[in-house]
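> Got a predicted structure here, sequence first:
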Amino acid sequence: MLNQAKFYLTTPIYYINDIPHIGHAYTTIVADVLARYHRLKNEEVLFLTGTDENSQKNLEAARRAGERDLKKYLDKMSARWAETWDLLNISNDDFIRTTEKRHWEAVKKFFLKVQKKGDIYQDTYEGFYCDGCEAFVTETDLVDGQCEAHKKIPRVIKEKNYFFRLTNYREALLKHIADNPDFIQPTKRRNEIISYISNFMTDISISRQNISCGIPVPNSRKQALYVWFDALLNYLTAVDYAAKTAKGKTRFKKFWPADLQLVGKDILKFHAALWPAMLMSAGLPLPKTIFAHGYFTINGDKMSKSLGNVVDPVELVKIYSNDALRWFLLSEIKFGEDGDFSLVRLKDGYNNKLANELGNLVHRVLSMTEQYCAGKVPKFSAAAEGLDPLCEIDIWRDYESALDHLRFDEALGVVWKVVAMANQLIDKEKPWALAKDDGTRGRLNDLMYNLLETLRQLGWLLLPIMPETSEKIWTQLGLTVGKEKTKDLGKAKIWGGLPAEIKIKKGEPIFPKIL
Ligand code: MSP
């Protein structure tokens, strides 16, 4: 028997100085779609997300919230993030908090390893620090003397720190990027990183003095590890990097290196230069792909508290449903590019594409099954002329190729092609006319079976992207969701999997119109 392939997928770990907004939900939803898709392909998936807690930002937020007990604040906020992902139907397999013991132990082990290698030295840091980025920045990062992302003049600081010899890895990083075209994606971002590594990358300070939160630098009384050095390691600690026994290392051996690390373009530099250099220093293999997606604006404006346009995903799904939000984010924003979010377009898209096209097809086919087939799936006699299966090899090939290349909008395009073909077939064949004549009974049955089986397959096509919708479709078809899901993809794709004679269970429209 072939070994089951594994797929280790990560999101950034989020700061918890506030509740999740739609931007954070975007990365997490995309990761969820991929996790579900790889499970569908029968891979053993580890989907990791979590919270970045040893950060000055969180400490300040706790103070602002009047919470003196930092741990209490972090526990409450981290739980709030985990709950939000539950509400959004996110199927992560693990949730790491960087205040956990498993993380601290691994970070210390990692630091000592890199120190032993000779990649850590002490020096005085004198330069800029942007509190918003929680990063030391150089002149080249600034626009008109300000941090571009936070529109603030960075602080000038001078302190004794530990440094990581990032520049030792300049050549090795460039070689790895050249030898592995898939390592940093998309291409535009890869080129930016190559330019950064070649021309601007310097050694980096990896500790801060007198800081009240953070992991203490081993064997140092005054210094705490810089939050990015600590945070990046979550991807390793979650797979038990620090385990001492062979048994404890099972997860690490199985899952490392990560297959896909999703990040927003704002944090690619950390993930595509510092992170791989840290791994090289520790003698560990590098993740296969780091993919940076774009940022989106809200009605053309940057999302920000001061503009009052921060979108809460939980409020949205209360009105539109999880699947509608997933559909909108994935079809509206080309993955990898910047995009824009608009409530008006969400509502229009919901009513046009989800209610009128997909929802209406399901309702229409089931209504006709009640009307013309006594509410049962009819028997399929033989492939009648002009009634070819709507969802066969080409459809699945295009769909899988789109998802394999993270082209979510294209995958949805394939699904909507099937919806359009089914609607056209109904208009062409006119089942209401076929029902009037006993002589066309056989054709009517074949047509209805064809349409119902198309719905079953649509359920499979939608499973990773809109999982609640898949279940609704199967339930209304009269299938037992649990049983249908036990099929492997190879079997599910075979045309004719819908048993004849089962009683359908037509319900309410799956996407009721929103006025
Ligand atoms: N804690 C660090 C990441 C450490 S990973 C080792 C961090 N956290 S964050 O809370 O600021 O989250 C940043 C991530 O949120 C971005 O990389 C991106 O994935 C997502 N987004 C935040 N705002 C966004 C948009 N407006 N648009 C799209 N994604 C957005 O940085």
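Here it is on my side, so go on.

> Give me the contacts around stretch 135-142.
Contacts to stretch 135-142, defined as CB atoms under 8 Å, 6 or more residues apart in numbering, come from residues 125, 127-130, 147-148, 154, 200, 202, 204-205, 228, 270. For the C-beta atoms, the positions are set from N, CA and C on the backbone; glycine is no exception.

> Please pick the buried ones from these.
Restricting those to buried positions leaves 125, 128, 129, 130, 147, 154, 204, 205, 228, 270, with burial counted as 16 or more other CB atoms under 10 Å.

> returning to that earlier point: what is the nearest of the contacts of stretch 135-142 to residue 32?
Nearest to residue 32 among those, counting by CB to CB, is residue 270 at 22.9 Å.

> you'd agree that closest one is up against residue 229?
No. Applying CB atoms under 8 Å, one finds residue 270 not in contact with residue 229, separated by 9.5 Å.

> related to what we said a few turns ago, keep only those of the buried ones among the contacts of stretch 135-142 that are in helices.
In helices, defined here by DSSP state H, the members of the buried ones among the contacts of stretch 135-142 are residue 228.

> okay, the buried ones among the contacts of stretch 135-142 in JSON lines with pLDDT and distance to the ligand next?
Putting the buried ones among the contacts of stretch 135-142 into JSON lines (pLDDT from 0 to 100; distance: CB to the nearest ligand atom, whole Å) gives the following:
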{"residue": "125", "pLDDT": "83", "distance to the ligand": "21"}
{"residue": "128", "pLDDT": "87", "distance to the ligand": "18"}
{"residue": "129", "pLDDT": "85", "distance to the ligand": "16"}
{"residue": "130", "pLDDT": "86", "distance to the ligand": "12"}
{"residue": "147", "pLDDT": "86", "distance to the ligand": "14"}
{"residue": "154", "pLDDT": "90", "distance to the ligand": "17"}
{"residue": "204", "pLDDT": "92", "distance to the ligand": "15"}
{"residue": "205", "pLDDT": "91", "distance to the ligand": "17"}
{"residue": "228", "pLDDT": "93", "distance to the ligand": "7"}
{"residue": "270", "pLDDT": "97", "distance to the ligand": "7"}
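
> Run me through the strand neighbours of the lowest-mean-pLDDT helix or strand in the chain, direction for each.
The helix or strand of the chain with the lowest confidence, counting by mean pLDDT, DSSP states H and E, is strand 135-137 at a mean of 80. Strand pairing for strand 135-137, using DSSP bridges, gives strand 120-130 (antiparallel).

> Just the C-alphas of the partner strand, formatted as CSV.
Listed in CSV are the C-alpha atoms of strand 120-130, where the atom choice follows Å, rounded to 0.1, in the frame of the first residue of the first chain:
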residue,chain,number,x,y,z
ILE,A,120,24.6,34.6,17.6
TYR,A,121,26.7,37.5,18.9
GLN,A,122,26.3,40.5,21.1
ASP,A,123,26.5,44.0,19.9
THR,A,124,25.0,47.4,20.3
TYR,A,125,22.0,48.2,18.2
GLU,A,126,21.5,51.7,17.3
GLY,A,127,18.8,52.6,14.9
PHE,A,128,15.1,52.7,14.3
TYR,A,129,12.4,50.6,15.8
CYS,A,130,8.8,50.7,14.6
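
> what's in contact with it?
Taking CB under 8 Å, 6+ apart as the rule, strand 120-130 contacts 111, 114, 135-139, 141-142, 147, 150, 152, 154-165, 205-206.

> Return the subset of those lying in strands.
Assignment to strands by DSSP state E places the following of the contacts of strand 120-130 there: 135-137, 142, 147, 155-164, 205.

> Could I have the buried ones of those as PyMOL selection syntax?
Listed next is the PyMOL selection for buried residues among the ones in strands among the contacts of strand 120-130, using 16+ other CB under 10 Å:
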select buried, resi 135+136+137+147+161+162+163+164+205
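
> between the ones in strands among the contacts of strand 120-130, which is nearest the ligand?
Nearest to the ligand out of these is residue 135 (CB to the nearest ligand atom; 9.9 Å).

> how far does the least confident helix or strand of the chain sit from the chain's center?
If you compare the mean C-alpha spot of strand 135-137 with that of the full chain, they lie 27 Å apart, counting by CA atoms, centre = their mean, to the nearest Å.

> For the residue in the stretch 101-250 of the chain positioned nearest to the ligand, list the residues it contacts.
Ranking the residues of the stretch 101-250 of the chain by distance to the ligand (CB to the nearest ligand atom) places residue 231 first, at 3.9 Å. Counting by CB under 8 Å, 6+ apart, residue 231 makes contact with 13, 52, 54, 55, 98.

> mind running it again at 10 Å?
Residue 231 is in contact with 12-13, 15, 50-55, 98, 103, 107, 134, 225, 267, 270, 275, counting by CB atoms under 10 Å, 6 or more residues apart in numbering.

> sorry, back to before: so what sits against both of residue 270 and residue 229?
Where contact means CB under 10 Å, 6+ apart, the residues bridging residue 270 and residue 229 through contact with each are residue 204.

> can you list contacts of stretch 488-498?
The set of residues external to stretch 488-498 that reach it, using CB under 10 Å, 6+ apart, is 37, 39-42, 377, 380, 383, 388-393, 395-396, 399-400, 449-450, 452-457, 459-461, 463, 474, 477-479, 484-487.

> let's see it at 7 Å
Contacts of stretch 488-498 from elsewhere in the structure, counted by CB atoms under 7 Å, 6 or more residues apart in numbering, are 40-42, 377, 380, 389, 392, 396, 452-453, 456, 460, 477.

> Out of the residues you listed, the closest to residue 368 would be?
Distances from residue 368 to the contacts of stretch 488-498, taken as CB to CB, are shortest for residue 452 (9.5 Å).

> Show me the shaky parts of the chain.
Counting by pLDDT under 70, the chain contains low-confidence ranges at 1-2, 382-384.

> and it, which residues reach the ligand?
Proximity of the chain to the ligand, by CB under 6 Å from any ligand atom, involves residues 12-15, 23-24, 26-27, 52, 231-232, 234, 263-264, 266-267, 295-296, 303.

> Try it again at 8 Å.
Contacts of the chain with the ligand, taken as CB under 8 Å from any ligand atom, map to 11-16, 21-24, 26-27, 52, 55, 134, 227-228, 231-232, 234-235, 262-267, 270-271, 275, 293-297, 302-303.

> Any of the residues you listed buried? List them.
For the residues of the chain next to the ligand, a burial check counting by 16+ other CB under 10 Å picks out 11-16, 21-24, 26-27, 52, 55, 134, 227-228, 231-232, 234-235, 262-265, 267, 270-271, 275, 293-296, 303.

> Among these, which ones are in strands?
Cross-referencing these with the strands (criterion: DSSP E) gives 14, 15, 52, 262, 263, 264, 293, 296 as the overlap.

> In this structure the second one contacts residue 55, no?
Yes. With contacts defined as CB atoms under 7 Å, residue 15 counts as touching residue 55 at a distance of 5.7 Å.

> what residues are up against the residue in the stretch 1-150 of the chain that the ligand sits nearest to?
Across the stretch 1-150 of the chain, the shortest distance to the ligand (CB to the nearest ligand atom) belongs to residue 23, at 2.3 Å. Residues near residue 23 by CB under 7 Å, 6+ apart: 296, 303.

> Swap in 8 Å and give it another go.
Contacts of residue 23 (CB under 8 Å, 6+ apart): 264, 295, 296, 303.

> cool, residue 232 as well?
Under the criterion of CB under 8 Å, 6+ apart, the contact partners of residue 232 comprise 270, 271, 274, 275, 278.

> what do you get if the cut-off is 6 Å, keeping everything else the same?
The neighbours of residue 232, taking CB atoms under 6 Å, 6 or more residues apart in numbering as the test, are residue 275.

> Then residue 267?
Per CB under 6 Å, 6+ apart, neighbours of residue 267: none.

> make it 8 Å
Residues in contact with residue 267, defined by CB under 8 Å, 6+ apart, are residue 12.

> Also the one 3 residues further on?
Applying CB under 8 Å, 6+ apart, we find residue 270 in contact with 135, 228, 232.

> Looking at these, which is nearest residue 119?
Of all those, residue 232 has the smallest distance to residue 119: 14.8 Å, by CB to CB.
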